Structures are given as C-alpha cells and as structure tokens.
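Novice: no sequence on hand, only this structure:
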C-alpha cells in the first residue's frame, strides 16, 4: 500500500466546492476526482483526503490530496493515467509517494491564495469567471500599504464569516501584497492557515482601501476590534484561486508548484 500525494488544478465554476457532499447529486471536485481514481485503480472504497476545502466557484492551481492505493502504475505516471477519466476542468498535475504517516492538511506549513480583480469602467466577459469586477479606480499604493499591515500573528476574528466552528481565530500571515497587470489587480496572501472566507474578506477590505473608504492605517484597528462589521465585504468567490500549499517535513514531502 502506497500513500500518494496529488497536486490538483481545477476550474471551480461548475462545482459546489472541493468537499464531497452527502448527496451524490451535488457535484464537487473531490467527488469527481474520487470517482476517476476509483475507476483507475479498480478500488471502490478509495478515499481522497484534501488539504484545503475551497468553496463553490473557487479555483485551484495547487490543491493537494492523498490517496492510499496498491498499484503497479509508476507513481509519476498517475496524472497521465487518470487524465481521460476526469472532466476537462480538473487536472492531476503531479503525483509523488510520501510516508504512510503524512497528512496533507496537518503537515501543511503554509498556503498561498490569489484574489483577482478586474478594475476598469466596463466588465470583461472573458474574465467574469476568474475575477470580481470593480469599476471605480483603485489606489494600488494605498492597497499595498494596507496589505503589509496584515503581516504578523493576530486574532483574525474580524475577517471570519459567520458559521465557522474553529476553536481559535488566531492565524499567522507571512506575506500579503498587491500587484497589477493591465486591468487585473491581484492580491496575494500567504499564511499558515485561513478562517472561513478570510481571504475574500481581506480582499474586500483592501478594495475598500483602494476606493478610499478605509484608511490603510486602519487595518490594525480592525484586526484588534475583532468585529466583523468593521472589515470590508466578503467579495465574490470566482476571483479566488488556491495557488500553492507548502510542506517542509525533512523529506516527507517537497514544495512544488501548484
């Protein structure tokens, strides 16, 4: 029996998030991946364990999941072997063997998300599934100044949506910055973990900063308030992409693109 770590990319537009639901009629990325892998390995009880639960409409370039299988297929050939069994909007990018005690969620040391904004007077229909539209001009300098104030270890209760059941809302943000390319403004956030809708609320807050509605120096005050009402709106899911999940476990696994 081998424990295999998969790197998965997907367009989340047509799915009710990553996590498999009780009803088989609800289409999820995990459900489609499991179905394809069960067919490939002829293992009806195969289970995927994912590293991150992305929401409906959220995309990924670097989702991670493990499976336990007995197979003669070379591990590095699994992405090619499963390709024809998956829908075109889900791709297994990489497969690698890891130790039996490796866990994709608990052994993760940090994650990077990108949130993309289409900033211009008119919508771009080609970008509607991968950005949120903001017509008013955004001040990139102010947004970057505000973004730097997220870096550190804080109680991020103000950036957590209702319905979360976590025992602690303390998280560490290692990097947060904003850059632009043409009409697309991208917010990048790297942290040890994220609360429910945390990145989307951070993005909504930075958009408000760029619009002049929130001063950049107020970010720390919002964090310290622990009040959801003081932070920005929860922006739409389609602008969010899980870019990369990192591991550093003395040979248990290696960092990889995605």
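Specialist: The structure has been received and is ready for your questions. Keep in mind the model is a prediction, meaning the values are calculated, not measured.
Novice: on the three-state scheme, residue 95 is what?
Specialist: Following DSSP: H, G, I helix; E, B strand; the rest coil, the label given to residue 95 is strand.
Novice: tell me what it is bridged to.
Specialist: Note on residue 95: beta-bridge partners by DSSP bridges are residue 6.
Novice: residue 4 is in contact with that one, correct?
Specialist: Yes - applying Cβ atoms under 8 Å, one finds residue 95 in contact with residue 4, separated by 5.4 Å. C-beta here means a position set from N, CA and C on the backbone, and glycine is covered the same way.
Novice: find the residues that touch each one of those two.
Specialist: Residues touching both residue 95 and residue 4 (Cβ atoms under 8 Å, 6 or more residues apart in numbering): 75, 78.
Novice: show me what contacts residue 159?
Specialist: Residues near residue 159 by Cβ under 8 Å, 6+ apart: 195, 198, 201, 202, 205, 223, 228, 231.
Novice: could you rerun that using 6 Å?
Specialist: Listed by Cβ atoms under 6 Å, 6 or more residues apart in numbering, the contact set of residue 159 reads 198, 201, 202, 231.
Novice: highest neighbour count among those residues?
Specialist: Neighbour counts for the contacts of residue 159 peak at residue 202, which has 29 neighbours (criterion: other Cβ atoms under 10 Å).
Novice: run through the residues that contact that residue.
Specialist: Residue 202 makes contact with residue 159, according to Cβ under 6 Å, 6+ apart.
Novice: burial count for residue 233?
Specialist: 12.
Novice: SS state for it?
Specialist: coil.
Novice: shouldn't it be in contact with residue 204?
Specialist: Yes - between residue 233 and residue 204 there is a contact under Cβ atoms under 6 Å: 4.1 Å.
Novice: and the helices in the stretch 101-250 of the chain?
Specialist: 140-148, 198-210, 219-225 (DSSP state H, counting those that start in this stretch).
Novice: out of the ones you listed, which is the most enclosed?
Specialist: The highest mean neighbour count among the helices of the stretch 101-250 of the chain, using mean count of other Cβ atoms under 10 Å, belongs to helix 198-210: a mean of 25.
Novice: just want the angle from it to helix 140-148.
Specialist: For helix 198-210 against helix 140-148, the angle by axes from the mean of the first three to the mean of the last three Cα atoms, to 10 degrees is 140 degrees.
Novice: use 35 as the first number from now on
Specialist: Yep, numbering from 35; the last one is helix 232-244 now.
Novice: correct me if wrong, but residue 98 is in a strand.
Specialist: Yes - under three-state DSSP, residue 98 sits within a strand.
Novice: OK, contacts around it?
Specialist: By Cβ under 6 Å, 6+ apart, the contact list for residue 98 reads 41, 85, 138, 279.
Novice: tabulate those (CSV), appending pLDDT, neighbour count and distance to residue 164.
Specialist: Shown next, in CSV, are the contacts of residue 98 (pLDDT from 0 to 100; neighbours: other Cβ atoms under 10 Å; distance: Cβ to Cβ, whole Å):
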residue, pLDDT, neighbour count, distance to residue 164
41, 97, 23, 20
85, 96, 25, 22
138, 96, 22, 25
279, 97, 26, 20
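Novice: now those as CSV including distance to residue 224?
Specialist: Shown next, in CSV, are the contacts of residue 98 (distance: Cβ to Cβ, whole Å):
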residue, distance to residue 224
41, 17
85, 15
138, 17
279, 11
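Novice: thank you kindly, that will do.
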